[in-house]
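Engineer: Provide a 3D model corresponding to the input given below.
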Amino acid sequence: SNLGDEGVARLTSLLSSSGPPPSGAPRDLMLGRNKIGDAGAAALGAYLSAHPGAVRYLDLDGNHDVKQRGVRALMEGVASCTALEALVLAFMRLGDGAVEHVAAALRGHASLRALNLMHNQMGPTAALLLAQALPDADSLEVLVLDGNRLSAEGAEYIAEALGAGSRLRVLKMGVFNGIGTDGAVALAEGLARNTHLEHLDLTSNEIGRRGSEALGEALRAHPALQVLGLQETAIRSAGTIALLEQITGLDAPLRSLDLRATKTDTEAAYAIGAYLGADPRLQQLDLGHNGFHPVAMGPIADGLARNTHLRHLVLSGNIKLGGDGVRRLVQGALLNATGEAVSGLEVLELAHMKVGADGAKHLAAALVNNTRLRHVVLREYNDIGDEGAEALAEALRHNVHLRSLDLAGPGNNISANGTRALLAAFQASPSLVLLELEANPGYSAVATDLRALREARKAAAAPGTREM
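Structural biologist: Model (predicted):
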C-alpha cells in the first residue's frame, strides 16, 4: 500500500474513534513499505500514547522516509505502550543518530519482546547505544541486527551487554556486519558470562578458525544456547574441527547447527562423525554447499549410525558427493544388514548434488524398508532421469511412512514416463502428502492430476501434520 502520512493520520483517527476491536485484544498494525514519513510516524506515536494497550504488533518495515524527528515521536509512543510485544523497524535507514530514541524506549519497557532493526545502516555507535539499554530492557527477548555495519567494535559492545544482565534469548547479527574474528571472540566471552541466550546467528561474517574455536569453548559451559548459525562464516575445515572438538561428548543443549557454505571439506569428516557418534542432543545439522567428497560420507555415516537424536540433515549443494556419496550414506546410516533403518533421520535434503540415477536407486533401496524418513529432498540438478524416477516410484509402493518427496527441477531430467510412474505411486501411497515434480520435462503430462491429488491429500491430512 501507499498510505503515506495522510493515510496514517486518517487511519489513527479512525482507530481512535472506533475503540478497541470486538475481541478486545490488541491490534496488529502491518504498515510496512507505505511511504510513511515523519508526520505519519508522529501520528502513530500520538495514537500509541493515547491508547497504550491498543497495539500488540507494529511493522514499519521499509518506511525509510522516517527521519530522526519522526523516530523520536514514534518511540515516545512506543515507550508508553503496555501491550506492544513486537516492533519491526527494518530497512528504514535509521543510521546511528535515530537509534538513541529506540534505545531510550527500550529501558524499562514492560511488554516489548522482539525488536527488528535489520538493514538500517547502523554502525558501532548504534551498537553501543543499544548495548547500554539492553540490561534495563526487562522484557526484550529477541533482537535482530542483521545487515548493518556493526564491525568488531559493535560486536564487543553487544557482547558486554550479554554478560551484564541482558535477558535476550535470540540475537541475530548476521549478513555482512563485518564482526570478524575479534567480534566473534568477544561474543564468545560475553556468552561465558551469560545464562539466557538460546539462539545466536552470525551468518555471513568471516569469523575464521579462532572465532569458531572461541564459540566452541563458550558452548562447553553455556546452559541455554540451542541454535548456532555459522553459515558463510569462512571457518573452513580447521574451524569446524576446532568447534566440534570443544563440544564432542558433552551434554550441551545445542539443537541446531548451521555450517552451510563454511568452506568445510572432507578434512573435517572425522570430526563431524565423532561429534555425531557421541550422540549429542543436536536435532538439525546443515552441512550444505561445502566441499565434501564421497569418502567423507564414511565417517559421517558411521557417526549417524550411533546417533539417536539427529532428525534433519542437509547435504544439498555438495556436488562432489554424487551417487557414490549417497551410496555410502545409505549403506552406513540408512540401512543395516537386514535392510532396516539405522539412524533416526526424518528429513534428508540432497538437492543439487548430481546424485544421478545410481544415487536415486540407492536411496530407493533405503526407502523400501526405512520407517523413519518422512521428508526427502532431491530437487534441482540431480540428473535423476526416468531410471532413477522409476526406482523411487517402486520404493514408494512399499514405503508407508514417507510424507513428502521433492524431485522438482530444473536439472532432474525426468520425462513423461518417469513422472507418470511417480504419479501412480503417489496415488497408491497411503502416507505421501506432497510430491513435487515441477520444471521436469515430463511435468506437463501429470500437472493437472498431480495438483488435484496434492490438494486432496493436504485437505485430508490429519491436524498437526508437519509439512516441509
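Engineer: make it CA atoms for all contacts and neighbour counts henceforth
Structural biologist: Fine.
Engineer: and stretch 406-419, how far apart are its ends?
Structural biologist: 12 Å (Cα to Cα, to the nearest Å).
Engineer: residue boundaries of the strands in the stretch 251-400 of the chain?
Structural biologist: 256-258, 284-286, 312-314, 347-349, 375-377 (DSSP state E, counting those that start in this stretch).
Engineer: between those, which one is nearest to Ser429?
Structural biologist: For the strands of the stretch 251-400 of the chain, the distance to Ser429 is smallest for strand 375-377, at 14.2 Å, taking Cα to Cα.
Engineer: Note down every partner strand of the closest one and its orientation.
Structural biologist: strand 347-349 (parallel), strand 404-406 (parallel) (DSSP bridges).
Engineer: could I get the strands of the stretch 251-400 of the chain as a markdown table with distance to Pro223 and mean neighbour count?
Structural biologist: Formatted as a markdown table, those follow (distance: least, Cα to Cα, whole Å; neighbours: other Cα atoms under 10 Å):
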| stretch | distance to Pro223 | mean neighbour count |
| --- | --- | --- |
| strand 256-258 | 15 | 20 |
| strand 284-286 | 19 | 20 |
| strand 312-314 | 23 | 20 |
| strand 347-349 | 27 | 20 |
| strand 375-377 | 31 | 21 |
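Engineer: Surely Leu140 forms part of a strand?
Structural biologist: No - looking at Leu140 with DSSP: H, G, I helix; E, B strand; the rest coil, it is coil, so not inside a strand.
Engineer: That one against Leu112, yeah?
Structural biologist: Yes - counting by Cα atoms under 8 Å, Leu140 does reach Leu112; the two are 5.7 Å apart.
Engineer: Please give the number of neighbouring residues around Asp59.
Structural biologist: Residues lying near Asp59 (other Cα atoms under 10 Å) number 18.
Engineer: For it, name its beta-bridge partners.
Structural biologist: Met30, Val88.
Engineer: Contacts only, for Gly40.
Structural biologist: Residues near Gly40 by Cα atoms under 8 Å, 6 or more residues apart in numbering: 4-6, 8-9, 70.
Engineer: Tell me which of the residues you listed fall in strands.
Structural biologist: Judged by DSSP state E, strands contain none of the contacts of Gly40.
Engineer: Taking these together, which two end up most distant?
Structural biologist: Largest separation among the contacts of Gly40 by Cα to Cα: Glu6 and Gly70, giving 14.4 Å.
Engineer: Excluding chain neighbours, what is closest to Ala268?
Structural biologist: The spatially closest residue to Ala268, leaving aside those adjacent along the chain, is Ser237, at 5.1 Å (Cα to Cα, 6 or more residues apart in numbering).
Engineer: Could you count how many residues lie near that neighbour?
Structural biologist: 21.
Engineer: That one in helix, strand or coil?
Structural biologist: Criterion first, three-state DSSP; result for Ser237: helix.
Engineer: List the contacts of the residue lying closest to Leu150 once chain neighbours are set aside.
Structural biologist: In space, and not counting its chain neighbours, Leu150 is closest to Gly123: 4.4 Å by Cα to Cα, 6+ apart. If you count contacts by Cα under 8 Å, 6+ apart, Gly123 has them with 95-96, 148-151, 154.
Engineer: Of these - the most surrounded one?
Structural biologist: Going by other Cα under 10 Å, Leu150 tops the contacts of Gly123 with 27 neighbours.
Engineer: returning to what we had before: just the buried ones from the contacts of Gly40?
Structural biologist: 4-5, 8-9, 70 (16 or more other Cα atoms under 10 Å).
Engineer: picking up where we left off before, how about the strands of the stretch 251-400 of the chain, which one is nearest Leu162?
Structural biologist: Within the strands of the stretch 251-400 of the chain, the stretch nearest Leu162 is strand 256-258; the backing value is 20.7 Å (Cα to Cα).
Engineer: what's the offset of that closest one from the middle of its chain?
Structural biologist: On the basis of Cα atoms, centre = their mean, to the nearest Å, strand 256-258 sits 9 Å off its chain's mean C-alpha point.
Engineer: What strands line up against it, and which way round?
Structural biologist: Strand 256-258 is paired, per DSSP bridges, with strand 227-229 (parallel), strand 284-286 (parallel).
Engineer: Determine how far the first one lies from the middle of the whole chain.
Structural biologist: Which is strand 227-229. Remark: strand 227-229 is offset 9 Å from the chain centroid, using Cα atoms, centre = their mean.
Engineer: would you list the strands paired with strand 375-377 in CSV and tack on distance to Gln427 and mean pLDDT?
Structural biologist: Listed next are those as CSV, based on distance: least, Cα to Cα, whole Å; pLDDT from 0 to 100:
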stretch, distance to Gln427, mean pLDDT
strand 347-349, 22, 98
strand 404-406, 13, 98
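Engineer: okay if I get those as TSV plus distance to Ala104?
Structural biologist: Output for the strands paired with strand 375-377, formatted as TSV (distance: least, Cα to Cα, whole Å):
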stretch	distance to Ala104
strand 347-349	44
strand 404-406	48
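Engineer: just for this structure, where's the confidence low?
Structural biologist: Residue ranges of the chain with pLDDT under 70: 336-341, 462-468.
Engineer: returning to what we had before: using a markdown table, lay out the strands of the stretch 251-400 of the chain together with distance to Leu48.
Structural biologist: Output for the strands of the stretch 251-400 of the chain, formatted as a markdown table (distance: least, Cα to Cα, whole Å):
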| stretch | distance to Leu48 |
| --- | --- |
| strand 256-258 | 38 |
| strand 284-286 | 41 |
| strand 312-314 | 43 |
| strand 347-349 | 45 |
| strand 375-377 | 45 |
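Engineer: What's the local residue count around Leu11?
Structural biologist: Neighbours of Leu11 (other Cα under 10 Å): 17.
Engineer: So it lies in a helix, does it not?
Structural biologist: Yes - counting by three-state DSSP, Leu11 is part of a helix.
Engineer: isn't Gly180 right up against Glu153?
Structural biologist: No - in this structure Gly180 lies outside contact range of Glu153 using Cα under 8 Å: 9.8 Å.
Engineer: can you give me the helices for the stretch 301-450 of the chain?
Structural biologist: Listed in chain order, the helices of the stretch 301-450 of the chain (DSSP state H, counting those that start in this stretch) span 322-329, 356-369, 385-396, 416-428, 447-460.
Engineer: Can you check which of those helices gets nearest to Gly216?
Structural biologist: Gly216 lies closest to helix 322-329 among the helices of the stretch 301-450 of the chain, at 26.9 Å (Cα to Cα).
Engineer: contacting residues for Ala234?
Structural biologist: 205-208, 261-263 are the contacts of Ala234 under Cα under 8 Å, 6+ apart.
Engineer: now it, nearest residue through space, not along the chain?
Structural biologist: Thr262 (4.7 Å).
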